[in-house]
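# coordinates for the following, if possible.
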Amino acid sequence: MKNRLVEQPSLAGTILVANPGLEDDNFRRSVVLLSLHSADQGAMGLVLNRPLGKKLGELRPPAECGELSEIPVFVGGPVEPDKLLLFAWRWDESKSTVNLFFAISVEKARHLIEHSPGIEIRGFLGYSGWSAGQLEGELVQDAWYIAGLDGSVVREEDPERLYPMLLTQAKPELGFFFGGPEDASGN
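Numbering: from 1, shown residues only. Here you go, the predicted structure:
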């Protein structure tokens with residue numbers, strides 16, 4: 001079978017939206033922002049819609065966090081789940097683009113807060129990763145839908161709303177999945 005992504009050198013900066021049939025617990029109903037991607041080296045990204053329900057100050061010593069203590073922390077994926085990654089973005093209204101900052105240091109996060117109005121910073125425990133060709137294979141099997149990164153994604157205040165919003169945008173005919181319970185096996 002010919003790979004449908006041969007023409008696309010990189011999907012970095014796009015969003016993966018899990019197919020509702022994807023049963024892997026690590027990615028079920030997930031929205032993943034790809035930070036790195038190449039067909040020959042693999043891919044890396046962060047799950048955007050799995051809030052941990054904790055702030056950075058609850059996971060790290062207060063002296064280490066300072067003004068970053070209130071940053072929300074998310075489950076970024078199953079790879080290195082104890083590793084904390086800081087990530088920032090800002091929607092640039094004048095250009096209708098998103099400025100992304102992946103895996104930044106605490107010092108860089110502090111600098112961005114001080115000098116970049118409107119910056120959004122989040123912490124992620126772990127990340128999502130695919131070996132060379134693995135993501136392409138999953139895309140051929142329709143495990144994921146590809147969505148663009150736009151202002152609606154970065155401005156959405158409730159991360160749990162991202163999945164239904166983006167799935168419905170990518171595949172409007174799948175909107176019916178959100179009228180019932182998440183686990184319909186009891187019906």
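
# for Pro159, grab phi and psi.
phi -60, psi -20 (degrees, to the nearest 10).

# I meant Ser105, not that one.
Phi and psi for Ser105, reported as degrees, to the nearest 10, are phi -80, psi 170.

# for it, give me its contacts.
By Cβ atoms under 8 Å, 6 or more residues apart in numbering, the residues touching Ser105 are Leu86. Backbone N, C-alpha and C define where each C-beta goes, glycine included.

# could you do Thr14 as well?
Thr14 makes contact with Leu33, Leu34, Ile146, Ala147, Gly148, Leu149, according to Cβ under 8 Å, 6+ apart.

# need the buried ones from those selected in ChimeraX.
Buried subset of the contacts of Thr14, written as a ChimeraX selection, criterion 16 or more other Cβ atoms under 10 Å:
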select :33,34,147,149
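
# of the contacts of Thr14, closest to Gln41?
Using Cβ to Cβ, Leu34 comes nearest to Gln41 of the contacts of Thr14, at 12.7 Å.

# enumerate the beta-bridge partners assigned to the closest one.
Here Leu34 sits in beta bridges with Gly45, going by DSSP bridges.

# isn't it up against Val47?
No. Using Cβ atoms under 8 Å, Leu34 is not in contact with Val47; the gap is 11.1 Å.

# which stretches in this protein count as helices?
Ranges of helices within the chain are 56-59, 62-65, 106-115, 134-140, 151-155, 162-170, based on DSSP state H.
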